[in-house]
Structures are given as C-alpha cells and as structure tokens.
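Trainee: turn this into a model:
(one chain, ligands or ions: 1)
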Amino acid sequence: MGKPVTSWTPERYRELARLWDDGLTGGEIAARLGVSRNAVLAKARRLNLKIRESPLTAAASAARRKHAERRPEGKPPPEGCRYVLGDPPERWRYCGAPRVAGRSYCAAHLRACTRREPHAAP
Ligand SMILES: [Zn+2]
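Mentor: Modelled structure (predicted):
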C-alpha cells in the first residue's frame with residue numbers, strides 16, 4: 001500500500017518485454033517490476049507484446065501487429081528528430097538529432113523522407 005509511483009523508463013519497458021518473452025505471467029512480471037499486474041498487461045498491450053491468447057484471436061492480433069509496424073519504446077523526443085531507427089523491436093528508438101526548424105526530422109532524415117520523388121532532378 002502507498003507504493004511510490006513508478007515511472008516507465010526504456011529500461012523497464014525492455015525488462016518487461018524480456019520477461020514477457022521468457023513466458024512469465026503478468027503476475028510474475030508485475031512482482032519483479034514492482035508494479036500491478038494490470039499495469040503490466042496494459043504496458044504489454046501498448047508494446048504490442050505477444051499477448052497469450054487463444055489461437056483464433058492470436059491470428060487476428062498477428063494481423064493487427066503487422067499494421068502497428070514501428071512502435072519505438074519510450075516517447076518521441078519533445079525536441080529532436082522523430083525518425084525511428086533500428087529494426088528488431090527491442091532496438092527501435094527515435095533518432096533524436098536536432099530538428100530542422102518547423103519539421104519533425106533532422107536534416108538527414110528529412111532528406112531521406114522526401115527523396116522518393118518520382119522525378120529525380122538530373
Ligand atoms: Zn534524424
């Protein structure tokens with residue numbers, strides 16, 4: 001009772017994902033992280049972890065996961081490039097480099113995002 005509010009740092013998210021992957025139950029993970037089981041399940045859902053469920057709904061959520069493509073851990077940097085780097089889910093992170101004024105990306109990623117014009121200038 002009266003537990004201090006725990007903040008979800010990237011490390012804790014990672015730990016959650018790891019324990020989840022190891023097959024621990026929500027309750028077990030909650031005990032390790034010192035949070036409520038509900039909090040663990042909510043975070044797991046947010047992180048798109050493989051929710052253990054019946055095969056039927058598992059297929060449905062697999063399709064859903066495909067949609068939720070890139071979901072980096074943590075919040076996007078308030079300032080700094082929002083480009084998502086990395087490939088395996090546990091490596092996703094925001095670039096965070098200084099942004100071009102008025103844009104959400106740094107100069108390099110802004111270029112990377114706008115480069116796909118059909119007609120490349122000679
Ligand atoms: Zn960037």
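Trainee: select the helix or strand of the chain having the lowest average pLDDT value.
Mentor: Sorting the helices and strands of the chain by mean pLDDT, DSSP states H and E puts helix 55-67 at the bottom, at a mean of 56.
Trainee: ok, then the element right after that one?
Mentor: Downstream of helix 55-67, the first helix or strand assigned by DSSP states H and E is strand 84-85.
Trainee: near the ion at all, that following strand?
Mentor: No: using Cβ under 5 Å from the ion, strand 84-85 never reaches the ion; the gap is at least 7.8 Å. All C-beta spots, glycine's among them, are computed from the backbone N, C-alpha and C.
Trainee: ok, that strand: who's next to it in the sheet?
Mentor: Its sheet considered, strand 84-85 pairs with strand 93-94 (antiparallel) by DSSP bridges.
Trainee: could I get the next helix or strand after the strand it pairs with in CSV with only the CA atoms?
Mentor: Counting by DSSP H and E, the next helix or strand C-terminal to strand 93-94 is helix 107-114. The C-alpha trace of helix 107-114 is given here as CSV (Å, rounded to 0.1, in the frame of the first residue of the first chain):
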residue,chain,number,x,y,z
ALA,A,107,18.2,17.3,-41.9
ALA,A,108,19.4,13.9,-42.9
HIS,A,109,16.1,12.1,-42.2
LEU,A,110,14.1,14.9,-43.7
ARG,A,111,16.1,14.3,-46.9
ALA,A,112,15.6,10.6,-46.6
CYS,A,113,11.9,11.1,-46.3
THR,A,114,11.4,13.5,-49.1
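Trainee: in helix 107-114, what counts as buried?
Mentor: Neighbour-count burial for helix 107-114 flags His109, Leu110 (criterion: 16 or more other Cβ atoms under 10 Å).
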